[in-house]
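[1] Structure for the following, please:
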Amino acid sequence: MTHIAVIGGGPGGYVAAIRTAQLGAQVTLIEREKLGGTCLNVGCIPTKALLHSAEVLTEAKNAATIGLLIPEVGYDWKKIQTHKNKISTKLAGGVKGLLNANGVTIISGSAQFLNDTVLLITEASGKTAELQPDKIIIASGSVPALPPIPGIDHPNCIDSTGALSLDQVPENLLIIGGGVIGVEMASVYNQFGSRVTVIEMQPGILPLMDGELGDMLRKKLVRDGIEILTGTQVLSIKAEDNQMTIQINQNGTISELTGDKVLVAIGRKAELAGLTLENTSIETDKKGIIVNSKMQTNVANIYAVGDCLGKTMLAHVASQQGEVAAENAMGHTANYDEKTNPSCVYTTPEFASVGLTQEDIRGSEKDYSIGRFPLAANGKSVIMGDTEGMIKIISDKKYKEIVGVHILGPRATDLIVEGALALRLESTVAEIISTIHAHPTVGEAIKEAALATENRAIHWK
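    The predicted structure follows:
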């Protein structure tokens, strides 16, 4: 029986462990902290739990506009935190149950490479042992990245993990970084009443997403009361009179901002420390471990998946890569293809993208058609009172194949699945148009956007 060792129990690792077990392997999974990794414990899941609480609070505050009278709207931060933690605990328990059901041996501890084939396992109890599996899958994850800013080591400078477990909602929150983490946290704490300022070096927020929809989201967040400073560099951080002061340079103008907490959200970096990769022949670059489309490193018996590659750091990417690595490790043939990878931002409204953006096709616009459909013209969005946003479809003119779908609006992160499937099947605009979409739904706006690529949207002129 093939023995597989998986280092890390996050979305990449536990999926790889389950899949290799399904294929008949003897599997040992080594996790030094909590099963579920960053996503389940201090990332995707707890963040979305806080966002859901914030969304419900905002809806309750606006309930009078649809005739619902709620005499007192408020929140209990401790109960919100308890609810968030309960969800993470429940889902992490579910992961453990799935691993056990598939016969995976779970070791609570850490793994170090002694060479290309042998691991030194140090259990939480301190007990050590050598393990020599047939194949190894590395899924060691990532950690928050910290820029070299003077004063960033102050206790009131927190990372995304700290932002999820604050004792109370800060009155003033300064966020360094306008990427996904920074913008989501800005949306959460703004809805709970914080005065939020986002500082971003790039010209706009969410630089990897569709620019047009990103600008729309920025305007909405600003209308909600979030201050967004782009093209702005943070020079230093210091503590004064129980307040944090940030010195910034915005287009050559030096000024200061003050707040109770500073959230550093400039992204994450591969977690390779402690693996002792220097004892192996595994090739790495400045981002992380190098693999091919089979998720195989240059060492034939070693695979790597997820954030430790230092590339697309998303839970669903890690899980897909985990399945690919597992199947190849067990003698099957599978390849990872990022074409259908959706990017999701859980703000209010939500923002989701898959495929090419308008920025990607810049310079060759004549070869593409762009269809836009505003959600202000969508019946379900009007009913929900959530009409901020648009659905945008990019198709090539030669074959009318859909190459990009971008959604800003309610439940965008659920709707983007249709776009990802369209890219996987190489669907044409005609195939989306000829598919009956239920009414009234937000999803029927996808068909309208497809119609708009041919200038024949029915419900918008």
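
[2] In terms of secondary structure, what does whichever strand or helix holds V196 contact?
    Using DSSP states H and E, V196 sits within strand 195-199. Strand 195-199 is packed against strand 172-176, helix 180-191, strand 227-229, strand 253-259, with contacts defined by 3 or more C-beta pairs under 8 Å, 6 or more residues apart in numbering; DSSP states H and E. Just so you know, the C-beta spots here come from the backbone N, C-alpha and C atoms, and that holds for glycine as well.

[3] tell me which residues in stretch 250-257 are buried?
    Within stretch 250-257, the residues scored as buried using 16 or more other C-beta atoms under 10 Å are L257.

[4] Break down the stretch 251-400 of the chain into its helices, ranges please.
    Taking DSSP state H, counting those that start in this stretch to define them, one finds helices in the stretch 251-400 of the chain at 315-329, 379-384.

[5] And the ones you listed: which comes nearest S427?
    For S427, the closest of the helices of the stretch 251-400 of the chain is helix 315-329, at 20.0 Å, according to C-beta to C-beta.

[6] which strands and helices sit next to the closest one?
    With contacts defined as 3+ C-beta pairs under 8 Å, 6+ apart, the packing partners of helix 315-329 are helix 11-22, strand 135-138, strand 302-304.

[7] same thing but 6 Å
    helix 11-22 (3 or more C-beta pairs under 6 Å, 6 or more residues apart in numbering; DSSP states H and E).

[8] what angle separates the helix it packs on from helix 315-329?
    Put simply, helix 11-22 runs at 30 degrees to helix 315-329, going by axes from the mean of the first three to the mean of the last three C-alpha atoms, to 10 degrees.

[9] Which strands or helices does the very next helix or strand once past helix 11-22 pack on?
    Following helix 11-22 in sequence order, the next helix or strand is strand 26-31 (DSSP H and E). Applying 3+ C-beta pairs under 6 Å, 6+ apart, we find strand 26-31 packed against strand 3-7, helix 11-22, strand 105-113.

[10] which outside residues touch the second one?
    This means helix 11-22. By C-beta atoms under 6 Å, 6 or more residues apart in numbering, the surrounding residues in contact with helix 11-22 are 4, 6, 27, 29, 39, 95, 102-104, 137, 139, 305-306, 315, 318-319, 321-323, 325-326, 330.

[11] got a pLDDT number for the most centrally placed residue in the chain?
    Against the mean C-alpha coordinate of the chain, by C-alpha atoms, centre = their mean, the closest residue is L314 at 4.8 Å. If you check L314, the pLDDT there is 96.

[12] Against G10, how distant is it?
    Taking C-beta to C-beta, to the nearest Å as the measure, L314 falls 12 Å from G10.

[13] The helices and strands packed on strand 26-31 into TSV, with extra columns for distance to T65 and mean pLDDT?
    Listed next are these as TSV, based on distance: least, C-beta to C-beta, whole Å; pLDDT from 0 to 100:
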stretch	distance to T65	mean pLDDT
strand 3-7	51	98
helix 11-22	39	98
strand 105-113	50	98
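
[14] Which one of the ones you listed lies nearest to I361?
    The closest of the helices and strands packed on strand 26-31 to I361 is helix 11-22. By C-beta to C-beta, the value is 31.2 Å.

[15] Buried residues, that closest one. List them.
    P11, G12, G13, Y14, V15, A16, A17, I18, R19, T20, A21.

[16] ok so, going back, of all the helices and strands packed on strand 195-199, which lies closest to P203?
    Nearest of the helices and strands packed on strand 195-199 to P203, taken as C-beta to C-beta: strand 227-229 at 11.4 Å.

[17] Out of the helices of the stretch 251-400 of the chain, which is the most enclosed?
    Burial of the helices of the stretch 251-400 of the chain is given as mean neighbour count (mean count of other C-beta atoms under 10 Å); helix 315-329 ranks first at a mean of 25.

[18] Mind telling me what element G162 is part of?
    helix 160-163.

[19] send the alpha carbons of that helix over as CSV?
    The C-alpha coordinates for helix 160-163 follow below in CSV (Å, rounded to 0.1, in the frame of the first residue of the first chain):
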residue,chain,number,x,y,z
SER,A,160,-5.9,39.8,9.7
THR,A,161,-5.9,37.2,12.5
GLY,A,162,-6.0,39.9,15.2
ALA,A,163,-8.7,41.8,13.3
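
[20] So which elements touch it?
    So helix 160-163, by 3+ C-beta pairs under 6 Å, 6+ apart, packs with no helix or strand.

[21] Averaged pLDDT, that helix. What do you get?
    For helix 160-163, the per-residue pLDDT averages 94.
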